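Undergrad: I need the structure of the sequence given here:
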Amino acid sequence: MAFSLQQLEEDLRVLATYKSRHEHDYVSWLQCTDVLSFLGRTTSNLIPIMICMKGLYLYSVLVPRSALTNGFEEDIMRWSLPPSPGWGYSIACGTGDLSDISLSRPLERTGSRVLDQGEPIVFLRHFAGRSGKKSYPELNQRLAHIMDVHWIETRNAYSKLDELGDFKDVVPVKNDAEGTIVAVAFDELELYMFLTDSVLIRLFDFARSHDWRNIVVKGRKETSIIVEDSGIYAKHLFIIDGEGPVAGKLRGFQIIKRRRSDKELLAALEEEGLEPKQYESFIALDFKHQRIHECSCDPSRLGNYFEPSDLPFETSPVFFRPEVLLKYKQDPDKYEVKSRMIVCRAGWSLHYGINEEGQVHVYLKDLGQLPHAEQLYWKAFNELPKAGISKRAWTTDFLAEFDTEYDPLESLRDVLSSFPATNSGLTIWVKDDVLSARLSHVVTESKKEWEDSVLTLAKLIVDGFQLDSIRSIAKSLGCLDETLRSIKLLQKCLETVGVDRPNVQAIIDPLVELWTIRSQEGIAHRGRAKTRDTKRHFYELLKRCDEAMRRLATLIKNGVLDRE
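TA: Okay, here's the model as predicted:
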């Protein structure tokens with residue numbers, strides 16, 4: 001039973017390996033028993049639906065279940081179907097009659113009444129403008145929409161996100177000089193089969209010989225094969241010369257039906273498992289009953305302020321070691337860590353706070369919204385509270401008041417989001433929304449977290465300065481020095497236009513410090529960081545950078561750096 005495209009490739013390479021007529025198992029190889037075995041074990045998990053390799057051909061079609069009436073076996077056995085290139089049109093040339101123009105369906109004149117009613121899963125398109133292999137498989141758009149998959153070039157697959165935000169390659173594709181292989185996750189295809197009340201038919205034609213070009217046909221021997229457990233209907237042909245079999249061909253079809261019941265598939269489509277969702281228990285501060293104990297995050301076992309019950313409030317806080325956030329901060333492509341919220345690309349989000357002891361706290365009701373695997377992850381960091389919830393959380397979540405407490409990270413994001421150009425239109429600094437979103441507070445004593453945060457901050461701020469624009473300003477002011485880079489040249493411009501020394505230092509010093517830490521301590525190259533209170537240091541650095549950029553933005557708005 002194949003579980004990956006790589007395993008399928010390995011199996012197919014074995015099937016495609018030619019044998020010499022002098023090998024002892026040559027006749028057995030011509031009988032294609034290993035092909036029957038391959039077809040039988042690839043009917044679940046990740047299954048091949050298209051194979052175009054030397055001597056190996058398999059193509060799949062979905063047909064209505066109702067089409068399998070009496071005599072369907074003989075009807076389908078007459079199939080003649082290369083990979084469909086998709087929709088087309090037909091026209092009777094020279095008639096001038098619009099009634100002679102029509103669209104051509106992807107499956108027409110397949111040689112089978114049953115297959116003519118079918119629908120391809122993949123098309124084989126051809127485009128001469130492609131570099132490399134000109135032909136390529138394309139997933140039927142109806143299936144792509146229903147399965148909610150998208151082509152991801154870097155993965156060579158039609159993929160989707162699971163509930164944890166990880167990629168699931170639903171239709172992986174291999175298309176190179178060796179051949180074409182397309183597979184599909186059967187659990188996803190099965191949902192479409194349920195919606196369309198269809199069955200999967202795999203057409204196959206496997207041919208083997210040690211030397212097709214020099215065969216002298218003396219006789220043929222054909223055998224019918226039915227493997228009921230695997231849904232295989234085939235004919236095997238021996239081609240015989242004067243010394244015995246010299247070629248073998250296995251041609252036929254395989255019917256694959258749904259495995260799961262209607263009830264199971266309906267539950268899957270409604271995104272509800274037949275088993276109830278699992279909920280974990282956490283050590284929580286049950287302030288309703290004035291005690292600390294384990295409480296479930298199951299919504300049915302939590303109370304609220306409006307209905308009398310003995311259950312803990314759903315807003316009971318749970319406390320965690322700050323390291324719980326590192327997983328999310330270290331994977332910015334998958335997670336966005338904001339000041340009070342984690343957002344996963346899978347669609348879930350989680351509000352959190354950080355108290356005065358550095359603990360992360362989350363309400364029970366919010367933990368209950370997480371996938372069960374995420375609940376287990378958070379539970380591993382659960383600990384007794386060392387302090388209450390943060391002042392900010394108390395103000396906004398319980399007093400329902402606006403939070404006016406200064407946060408240098410949010411303040412910095414605010415000024416950078418609308419950083420001005422000069423009145424003459426020169427852009428001195430360019431924002432990077434991706435880096436801005438990745439920036440977050442340092443919450444642990446981890447050197448790596450501090451290094452990553454400083455590097456992100458340096459890339460965001462220092463790398464955002466536009467040297468060409470600053471040189472243009474310096475040239476107009478008569479203070480251009482080609483040896484200076486952006487920060488030092490900006491300093492010279494500010495001094496030239498008469499900005500007082502305290503203001504210049506407040507702007508330039510934090511930028512120089514940030515660049516110095518990045519370069520001299522080797523953060524960009526993963527060098528050693530000096531021992532320091534990483535959380536406090538980064539907080540203060542954010543604060544100074546926020547002030548620097550705000551002062552600079554004010555000067556720019558006031559036209560201080562406008563060219564004459």
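
Undergrad: can you count the residues close to the nearest residue to S198 once chain neighbours are set aside?
TA: Distance criterion CB to CB, 6 or more residues apart in numbering; nearest residue to S198, sequence neighbours excluded, is L62 at 4.4 Å. In short, each C-beta sits where N, CA and C put it, glycine included. Using other CB atoms under 10 Å, L62 is surrounded by 22 other residues.

Undergrad: my guess is L62 is in a helix, correct?
TA: No: counting by DSSP: H, G, I helix; E, B strand; the rest coil, L62 falls outside a helix, being strand.

Undergrad: any idea what it is bridged to?
TA: Legend: beta-bridge partners of L62 under DSSP bridges are E119, L200.

Undergrad: okay, now the domains of the chain?
TA: 5-265, 281-398, 408-557 (automatic domain parsing).

Undergrad: can you lay out these as JSON lines showing mean pLDDT and distance to E275?
TA: Shown next, in JSON lines, are those (pLDDT from 0 to 100; distance: least, CB to CB, whole Å):
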{"stretch": "domain 5-265", "mean pLDDT": "91", "distance to E275": "11"}
{"stretch": "domain 281-398", "mean pLDDT": "95", "distance to E275": "11"}
{"stretch": "domain 408-557", "mean pLDDT": "90", "distance to E275": "35"}
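
Undergrad: one step back: and the residue nearest to S198, what does it touch?
TA: G118, E119, P120, I121, Y192, M193, T196, S198, V199, L200, I201 (CB atoms under 8 Å, 6 or more residues apart in numbering).

Undergrad: and what of M53?
TA: So M53 contacts L12, A16, E178, G179, T180, I181 (CB under 8 Å, 6+ apart).

Undergrad: before we move on, what about N355?
TA: Taking CB under 8 Å, 6+ apart, one finds F319, H361, P385, K386, A387, G388, I389, S390 in contact with N355.

Undergrad: and the fifth one, how many neighbours does it have?
TA: Translated: A387. 12.

Undergrad: confirm it sits in a helix?
TA: No: under three-state DSSP, A387 falls outside any helix and is assigned coil.

Undergrad: residues in contact with it?
TA: So A387 contacts N355, E356, E357, Q359 (CB under 8 Å, 6+ apart).

Undergrad: which residue packs closest to the second one, ignoring adjacent ones?
TA: In space, E356 comes closest to A387 once its chain neighbours are excluded; the distance is 5.2 Å by CB to CB, 6+ apart.

Undergrad: could you measure from the one you found over to E357?
TA: From A387 across to E357, the span is 4 Å (CB to CB, to the nearest Å).

Undergrad: next up, the contacts around H537.
TA: Counted by CB under 8 Å, 6+ apart, H537 has contacts V442, W450.

Undergrad: tell me which element it is part of?
TA: helix 534-557 (DSSP states H and E).

Undergrad: again with I507
TA: Going by DSSP H and E, I507 is part of helix 501-520.

Undergrad: can you point out the buried residues in that helix?
TA: Of all the residues in helix 501-520, those buried under the rule 16 or more other CB atoms under 10 Å are V504, A506, I507, I508, P510, L511, V512, L514, W515, I517, R518.

Undergrad: same for it, what does it pack against?
TA: With contacts taken as 3 or more CB pairs under 8 Å, 6 or more residues apart in numbering; DSSP states H and E, helix 501-520 sits against helix 447-461, helix 486-496, helix 534-557.

Undergrad: can you list those in TSV and add distance to S472?
TA: Shown next, in TSV, are the helices and strands packed on helix 501-520 (distance: least, CB to CB, whole Å):
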stretch	distance to S472
helix 447-461	21
helix 486-496	10
helix 534-557	14
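
Undergrad: for A234, which of those is the nearest?
TA: helix 447-461 (58.2 Å; CB to CB).

Undergrad: look up how far D116 lies from the residue nearest to R550 when sequence neighbours are not counted.
TA: Among residues not flanking R550 along the chain, V415 sits closest, at 5.1 Å (CB to CB, 6+ apart). Taking CB to CB as the criterion, V415 is separated from D116 by 66 Å.

Undergrad: sweet, I'm off.
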